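Q: Give me a 3D structure for the following:
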Amino acid sequence: MARHHSRSRSRSRSRSPVRRKRYDDPRERRREQRSPAPSGLLVRNISLSARPEDLRVPFERFGPLKDVYLPKNYYTGEPRGFGFVKFRYPEDAAEAKSHLNRTVIGGREIRIVFAEENRKTPQEMRRVSRVSSRGSYRRRSPSFSPRRRYHCE
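A: Residues are numbered from 1 along each chain as shown. Next comes the predicted model:
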């Protein structure tokens, strides 16, 4: 019985350095102590010819990025004029928003707000594209959308 007790102690000691490594970055420690702030930004009014690198370069000055995503229309492949920039740390996202909001990137004045939700799946984007591509939301008849016959869910 005494052996079992001493073994469990040694195991818990061996795990503690792993736990401590998580707090090497002071920003990581702050994040754990308070409620999670948004780390994603929605960037509006992006040039239709913009590439992810065009956003990555100015935003990376404020901290490490997780992702830069420029959505396209599912059916046409055309850019939609907005994008998402996801930072590793919420503090960096807030700083980038305050410095880059209403600045000119690619010849257009961008607008930045915190993204409210996670990135949509392709299935969710298909649904959004289909509804918005019809024009008026009042027209719900299948005859107005020739794409409906290709629907494969």
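Q: any weak-confidence spans in the chain?
A: The model of the chain has pLDDT under 70 over residues 1-35, 118-121, 125, 128-153.
Q: what ranges do the strands span in it?
A: For the chain, the strands defined by DSSP state E cover 40-44, 65-69, 82-87, 104-105, 108-109, 111-114.
Q: Tabulate those (CSV), appending mean neighbour count and distance to residue 56.
A: (C-beta placed from N, C-alpha, C; glycine too.) Below are the strands of the chain laid out as CSV (neighbours: other C-beta atoms under 10 Å; distance: least, C-beta to C-beta, whole Å):
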stretch, mean neighbour count, distance to residue 56
strand 40-44, 20, 11
strand 65-69, 15, 5
strand 82-87, 21, 8
strand 104-105, 14, 11
strand 108-109, 13, 17
strand 111-114, 16, 15
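Q: Which of these sits closest to residue 122?
A: Nearest to residue 122, of all these, is strand 65-69, at 12.2 Å by C-beta to C-beta.
Q: In terms of secondary structure, what does that closest one contact?
A: Secondary-structure packing of strand 65-69 (3 or more C-beta pairs under 8 Å, 6 or more residues apart in numbering; DSSP states H and E): helix 52-60, strand 82-87.
Q: all helices in the chain, in order from the N-terminus.
A: 2-21, 26-33, 52-60, 90-100, 122-133 (DSSP state H).
Q: Tell me how many other residues surround residue 80.
A: Using other C-beta atoms under 10 Å, the number of residues around residue 80 comes to 17.
Q: wait, it sits on residue 72?
A: Yes - using C-beta atoms under 8 Å, residue 80 is in contact with residue 72, at 6.4 Å.
Q: Next, count neighbours for residue 37.
A: Residue 37, neighbours per other C-beta under 10 Å, totals 12.
Q: quick one, what contacts it?
A: When contacts are counted by C-beta atoms under 8 Å, 6 or more residues apart in numbering, residue 37 touches 90, 91, 93, 94.
Q: check contacts around the first one.
A: Residues in contact with residue 90, defined by C-beta under 8 Å, 6+ apart, are 31, 36, 37, 38, 39.
Q: Tell me which two in those are the farthest apart.
A: Distance extremes for the contacts of residue 90: the farthest pair is 31 and 38 at 12.1 Å, using C-beta to C-beta.
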